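[1] Structure of the sequence below:
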Amino acid sequence: MADLEKAFDEAGLTNTAVREYVTYWAELTGAERVEIVSAADDARLIQEALEAGELEPAGEGRYYSRSYEKDTARSEERTIVATSNPEDKGVYNNWRPSSEMKPLLEERMRGASIGKTMYVVPYLMAPPGSPLERYAAGVELTDTRTVVLHMIRMARVGVDHINHLHDQSSFVRAVHVTGDLENLGQGTPDDQRYFVTVADERTILHFGSSYGGNALLGKIAHGLRQAAYDGWASGKFLAEQFMLIGIKDKQTGRTYHICGGFPSASGKTNLAMMLAPDSLGDRYHVTFYGDDIAWLWIDPEDGKLYGMNPEYGVFGVAKDTNEITNPTALHSVDEGTHAIFTNIAYNENTQEVWWEGRTPEPPADITGWRDWRGHLIAERAAGDDAPWAHPNSRFTTTLDNVPNIAPDYNEPHGVPIDGIIFGGRTRDREPLIRAMHDLAEGVYDGLTLGAEATAAAEGVEGLLRYDPMSMRPFMSYPEGPYAAHWLKIIGEAKEQPIFAHVNWFQRGQDGHFLWPGYRENLRPLLWLMKLHNGEVTGRDTPVGIIPTEEELHLEGVDIAPEDLETILSINVPRWRQEMEHRQEHLEQFPNLPEEIWAAHRRVAAALEAEG
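    Have a look, this model is predicted:
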């Protein structure tokens, strides 16, 4: 205890509730020593990690690490939301009673950090001074130094964020214990791992991983699951897996802000980091706020909807990131950025890094190259074409490293939201963009968001894997109340944002993509803002308003006339089929607001009326 008190005092940690919390878990886990860290400790911790072999240098001011080969991604089936109220159980939140999960996790963690350092990471998931700051403060305890380094890049880290809380006990208690990774039975009936958010106690207990969202507890566990629950319980805000961008019209000086949700592999990060196409660059400039999480709330003074990215960094997927798909991301991890790469290919001689899609072909000279497991490429058997990098390999970098970061990204008050978009991956039926008629229709569209499954994966080609608002893996309370909370929060806005659905992935009969995508995706978003302003009218359809060809900025776009016609039209028979699937999907959710069912009936009736 004396050593703990000394560590607290030397770090300037004065919050008595935090000191008590750290003391409890240090004793339970058996940690040998406790270290309170801040962002100022980054350089020292990097050096310690290099000396310990936890990191390798990846060029000047960049670093590389490998995780245990069975510990490479989130594990949804082991991720649980626990509360004391059985009514919190939803379809997707994998609910369990906290009376069951808390003792189980404490038992797993008991003595699991003997001989290790417990790092205390005080953090803030918001700009200091934010209206939502009381929901943003947290303290992560972790026994893994590389987790600390990622947290420093992904959140605002330092004791000041929790010393001066108005309510000293109002912080998220986030405990991460790695466990013996090689003996946890990952993927077997005896799997020992659990990743639990005790939402009504604002406590996060993760055991059995040192990777990504399983270990960076400020990110998904706090920034999405806990924050979503807090937003609902308080009635004050939404926390969503949304990207957030700004589009500045240099001619008028106005900046539009658009946020939105996209299921996995539906183009969210590329859209968030998009640059304007060359032909529009003189007039429009796109700025980046965030690619993964947005918190949304109403300002009671002006009645407007505001949004912010609570994160301080980017935890991006490396695969297929290149100069064409996402030059912004590529340059956010240039040398000197202090970015950390995880589970990509690494050259131990030259300190170079590579991943599939980085270049059309892997390096021709394979001398010194090791794959993500650490095996030499040169020692592979003939014909072994396994990926050099893991498909979920990552890069971690701060927002300040993103070339087109918005100048006001750290503004405590957030930015006013003009549009909310959803986008899935569908090869037919779903047009380039369609705007919704009203709030209920927008929320209904978000609840029926999905990405097309493959026949191999799901057995029914063309059937969507529904992912409401792109929050399916992150839901923390039931879907019916979730929809009602959306209607309440956005419904309070004096100036309603416009809702729309986008799709960059329609294909022709031969499989080619009909829309060129990437930077060209700015064009339909510009149309959406003009529609919102009343500058264009579009063409009304049963499923929303779509652009006419004349209303889109198409100068410089290489697209065949027949392809353009297809992506600006509605396939009524396919839509009727989709409505049947939506009905089944929504019927899973008890207590869905009548406004959502009314929107569903309106769309279905309009499709039937098409003849």
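
[2] where along the stretch 151-300 of the chain do the strands fall?
    Counting by DSSP state E, counting those that start in this stretch, the segments of the stretch 151-300 of the chain that form strands are 156-157, 172-177, 194-198, 203-207, 237-240, 243-249, 255-261, 284-290, 294-298.

[3] do you know which of those strands lies nearest Gln583?
    Closest approach to Gln583 among those is made by strand 255-261 (21.6 Å; Cβ to Cβ). From N, CA and C alone the C-beta is placed, and that goes for glycine too.

[4] show me the contacts for the residue nearest to the spatial centre of the chain.
    By Cα atoms, centre = their mean, the chain has its centre lying nearest to Asp292, at 2.9 Å. With contact set as Cβ atoms under 8 Å, 6 or more residues apart in numbering, Asp292 has these partners: 219, 241-243, 268-269, 309, 311, 314-315.

[5] Trp527: which element?
    For Trp527, the enclosing helix or strand under DSSP states H and E is helix 522-533.

[6] Least confident secondary structure element in the chain?
    helix 455-458 (a mean of 40; mean pLDDT, DSSP states H and E).

[7] hang on, the earlier thing: with neighbour count as extra columns, can I get the contacts of Asp292 in JSON lines?
    Putting the contacts of Asp292 into JSON lines (neighbours: other Cβ atoms under 10 Å) gives the following:
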{"residue": "Lys219", "neighbour count": "23"}
{"residue": "Gln241", "neighbour count": "24"}
{"residue": "Phe242", "neighbour count": "31"}
{"residue": "Met243", "neighbour count": "29"}
{"residue": "Lys268", "neighbour count": "20"}
{"residue": "Thr269", "neighbour count": "20"}
{"residue": "Asn309", "neighbour count": "30"}
{"residue": "Glu311", "neighbour count": "25"}
{"residue": "Val314", "neighbour count": "29"}
{"residue": "Phe315", "neighbour count": "21"}
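
[8] Now pLDDT and distance to His150 too, for those residues, in CSV please.
    Below are the contacts of Asp292 laid out as CSV (pLDDT from 0 to 100; distance: Cβ to Cβ, whole Å):
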residue, pLDDT, distance to His150
Lys219, 96, 9
Gln241, 97, 19
Phe242, 98, 21
Met243, 98, 20
Lys268, 92, 20
Thr269, 93, 17
Asn309, 98, 17
Glu311, 98, 11
Val314, 97, 11
Phe315, 96, 7
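
[9] Give me the subset of those lying in helices.
    Judged by DSSP state H, helices contain the following of these: 268-269.

[10] for the contacts of Asp292, which one is nearest Pro103?
    Minimum distance to Pro103 across the contacts of Asp292 is 26.1 Å, recorded for Lys219 (Cβ to Cβ).

[11] and stretch 486-493, which residues are buried?
    For stretch 486-493, the neighbour count (16 or more other Cβ atoms under 10 Å) marks 486-487, 489-490, 493 as buried.

[12] mind listing which of the residues you listed are in helices?
    Those of the buried residues of stretch 486-493 mapping onto helices are 486-487, 489-490, per DSSP H.

[13] Pro593 - how many residues pack around it?
    Using other Cβ atoms under 10 Å, Pro593 has 21 neighbouring residues.

[14] just for the stretch 351-500 of the chain, where's the confidence low?
    For the stretch 351-500 of the chain, the stretches flagged by pLDDT under 70 are 453-462.

[15] hang on, I meant the chain
    For the chain, applying pLDDT under 70 flags the ranges 1-2, 453-462, 611.

[16] From the chain's centroid, how far away is stretch 590-602?
    28 Å (Cα atoms, centre = their mean, to the nearest Å).

[17] And Gly450, how far from Gln351?
    Look at Gly450 and Gln351: by Cβ to Cβ, to the nearest Å, they are 42 Å apart.

[18] neighbour count winner among those two?
    More neighbours sit around Gly450 than around the other of Gly450 and Gln351, counting by other Cβ under 10 Å; the figures are 24 against 17.

[19] Which secondary structure state is assigned to the closest residue to Pro590 other than its chain neighbours?
    Once flanking residues are discounted, Pro590 sits nearest to Gly480: 5.5 Å by Cβ to Cβ, 6 or more residues apart in numbering. Three-state assignment for Gly480 (DSSP: H, G, I helix; E, B strand; the rest coil): helix.

[20] Gly480 reaches Leu586, doesn't it?
    No - Gly480 lies out of contact with Leu586 (Cβ atoms under 8 Å); the separation is 9.9 Å.

[21] shared neighbours of these two, which are they?
    Shared contacts of Gly480 and Leu586, defined by Cβ under 8 Å, 6+ apart, comprise Leu592.

[22] Assess the claim that Ile417 and Tyr306 are in contact.
    Yes - here Ile417 reaches Tyr306: they are 6.6 Å apart, a contact under Cβ under 8 Å.

[23] Now the common contact residues for those two.
    Shared contacts of Ile417 and Tyr306, defined by Cβ under 8 Å, 6+ apart, comprise Leu296.
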